[in-house]
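# Got a predicted model here, sequence first, then my questions.
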Amino acid sequence: MLKTPAYAALTAKAALVPFSVERREPGPHDVLIDIRYCGICHSDVHQARDEWGRSIFPMVPGHEIVGTVARLGDKVTQWQAGDTVGVGCFVDSCRMCEACRDGEEQFCEQGATFTYNSYERDGKPPTYGGYSTRIVVDENYVLRIPDGMPLERVAPLLCAGITTYSPLRHFGVHAGSRVAVVGLGGLGHMAVKLAKAMGAHVTVLSHSPGKRQDALRLGADDFIATRDAEVFTQHAKRFDFILDTVSARHDYNAYLGLLRRGGTLVLVGLPEASPLSAGPLIMGRRQLAGSLIGGIRETQEMLEFCAAHEVAADVELIPIQRINEAYDRLVRGEVRYRFVIDIATLNRG
Ligand code: NAP
Ligand code: ZN
Ligand code: ZN
């Protein structure tokens with residue numbers, strides 16, 4: 001076993017503290033990755049604080065991982081030592097069900113093995129995420145980072161990037177689509193950049209009026225502050241597609257009213273239950289959908305798309321010792337726009 005320094009939440013109420021995990025020796029099809037950067041997703045906070053229930057403690061969060069291949073199992077064919085690679089939200093799946101065969105492993109009917117807060121396929125041991133110096137992953141669940149990308153800004157693509165890219169593609173956003181992004185956080189700011197790169201006309205809907213300049217700098221064409229309820233009347237029926245990335249309880253019905261006839265609201269933010277009524281869906285035959293990250297094939301496609309369009313996250317790089325402060329700032333909406341941990345700081349103890 002490979003003793004590996006990490007940071008963990010020991011209980012839902014506790015701050016994250018230095019911890020040590022045992023990584024398995026790489027099997028024939030495994031890749032050992034030295035982690036360089038790990039993004040901080042709001043899902044890390046939801047799970048470390050057990051806001052979704054069923055959290056497994058101790059928990060080492062982190063599923064926006066970028067690093068370097070250090071060692072390979074003897075049957076590995078796709079990777080070489082020194083390759084720059086990524087690991088996202090899951091590290092395995094059954095590989096046989098319809099979802100897996102379709103390349104949508106995140107929807108594995110047997111349950112995907114998530115990068116942390118999950119169990120290996122044999123039901124034990126628990127998985128531990130990227131707030132650690134290294135990780136061992138099956139070669140088929142590793143992503144190639146295109147050459148020349150700024151690595152600390154690439155880490156957030158492994159969750160925030162794919163989670164927003166996948167629904168934009170799946171629901172056919174194209175040049176000229178009128179897109180709104182609700183919530184300008186980690187996911188939201190990636191959605192703005194990606195939708196712009198796809199040629200859409202992009203509007204940010206935010207409950208933080210102070211983010212207007214940032215939204216425009218990130219590429220948005222328009223910004224609407226949602227604290228003023230009148231805007232929901234002023235902008236009724238304006239958008240073809242709305243991507244809702246909000247992490248806190250809010251009223252979906254108001255946003256449905258902003259869709260044109262036949263338009264689609266896709267939820268990716270996962271707060272506690274929020275109100276929903278049939279009326280706004282029926283009036284205008286509007287559609288409501290959800291979306292979960294993306295499969296390995298689509299995540300690789302997203303990375304190539306980002307390389308081609310020079311898209312990467314806006315990040316604030318932090319030492320791991322500031323993780324708890326970063327969580328508090330994330331919940332207060334103070335991040336511009338993704339915290340990323342410099343994993344080299346973990347070796348400092
Ligand atoms: P984040 O960086 O904290 O961004 C969330 C944004 O929501 C904030 O920046 C804020 O934007 C808005 N917001 C926060 N509190 C609000 C409130 N009380 N009322 C209205 N708006 C509020 O979080 P994130 O990492 O982007 O994650 C967003 C959500 O997506 C989380 O629930 C996360 O668990 C979920 N998620 C889902 C998937 C998936 O596959 N479906 C993947 C990753 C994450 P404004 O200030 O602009 O309003
Ligand atoms: Zn995430
Ligand atoms: Zn499966």
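Thanks, I have the structure now. Ligands and ions are numbered 1, 2, ... in the order given.
# rest of the way, CA atoms for contacts and neighbours
Noted.
# and stretch 335-349, is it in reach of ligand 2?
No - Stretch 335-349 is not in contact with ligand 2 by CA under 5 Å from the ion; minimum separation 11.0 Å.
# now what about that stretch, what contacts it?
Stretch 335-349 is contacted from outside by 5-6, 18, 35-41, 131-133, 152, 155-156, 184-186, 189, 313-321, 323, 326, 329, using CA atoms under 8 Å, 6 or more residues apart in numbering.
# again with stretch 81-88
33, 63-72, 115, 141-145, 155, 158-159.
# Among the residues you listed, which lie within strands?
Counting by DSSP state E, the contacts of stretch 81-88 place 33, 65-72, 143-144 in strands.
# what's the neighbour count on the residue of the stretch 101-250 of the chain at minimum distance from ligand 2?
For the stretch 101-250 of the chain and ligand 2, the shortest gap (CA to the ion) falls at residue 159, measuring 4.7 Å. Using other CA atoms under 10 Å, residue 159 has 27 other residues around it.
# List the contacts of it.
If you count contacts by CA under 8 Å, 6+ apart, residue 159 has them with 41, 63-64, 88-89, 293.
# Tell me the predicted confidence for residue 348.
For residue 348, the pLDDT comes out at 69.
# Tell me if stretch 179-196 is near ligand 2.
No - applying CA under 5 Å from the ion, one finds stretch 179-196 out of contact with ligand 2, separated by at least 8.5 Å.
# what does the domain assignment say about this structure?
Segmentation of the chain into domains, based on automatic domain parsing, reads 2-159+294-306+313-348, 161-290.
# Throw those domains into TSV and include distance to ligand 3, thanks.
Output for these, formatted as TSV (distance: least, CA to the ion, whole Å):
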stretch	distance to ligand 3
domain 2-159+294-306+313-348	4
domain 161-290	19
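# ok, which residues in the stretch 201-349 of the chain are in contact with ligand 1?
Applying CA under 6 Å from any ligand atom, we find that the stretch 201-349 of the chain lies next to ligand 1 at 206-208, 245-248, 250, 268-271, 291-293, 330-331, 333.
# Number of residues surrounding residue 27?
Neighbours of residue 27 (other CA under 10 Å): 16.
# who's in contact with it?
73-74.
# secondary structure class for it?
coil (DSSP: H, G, I helix; E, B strand; the rest coil).
# Now it. Its backbone dihedrals?
For residue 27, the backbone dihedrals (degrees, to the nearest 10) come out as phi -80, psi -180.
# again, but for the one 4 residues further on
Note on residue 31: its backbone torsions stand at phi -120, psi 130 [degrees, to the nearest 10].
# how close does it get to residue 198?
Using CA to CA, to the nearest Å, residue 31 is found at 33 Å from residue 198.
# Please say which of the two ends up with more neighbours.
More crowded of residue 31 and residue 198, by other CA under 10 Å: residue 31, with 29 against 19.
# ok, that one touching residue 137?
Yes - Residue 31 sits in contact with residue 137 when judged by CA atoms under 8 Å, with a separation of 5.4 Å.
# per-residue pLDDT, residue 275?
pLDDT, residue 275: 83.
# Report the contact partners of residue 117.
Contacts of residue 117 (CA under 8 Å, 6+ apart): 47, 55-57, 59-61, 126-128.
# How about residue 211?
Residue 211 sits in contact with residue 184, where contact means CA under 8 Å, 6+ apart.
# Could you give the secondary structure assignment for it?
Three-state call for residue 211 (three-state DSSP): helix.
# ranges for the strands of the stretch 51-200 of the chain?
65-72, 84-87, 90-92, 113-114, 134-138, 143-144, 178-182 (DSSP state E, counting those that start in this stretch).
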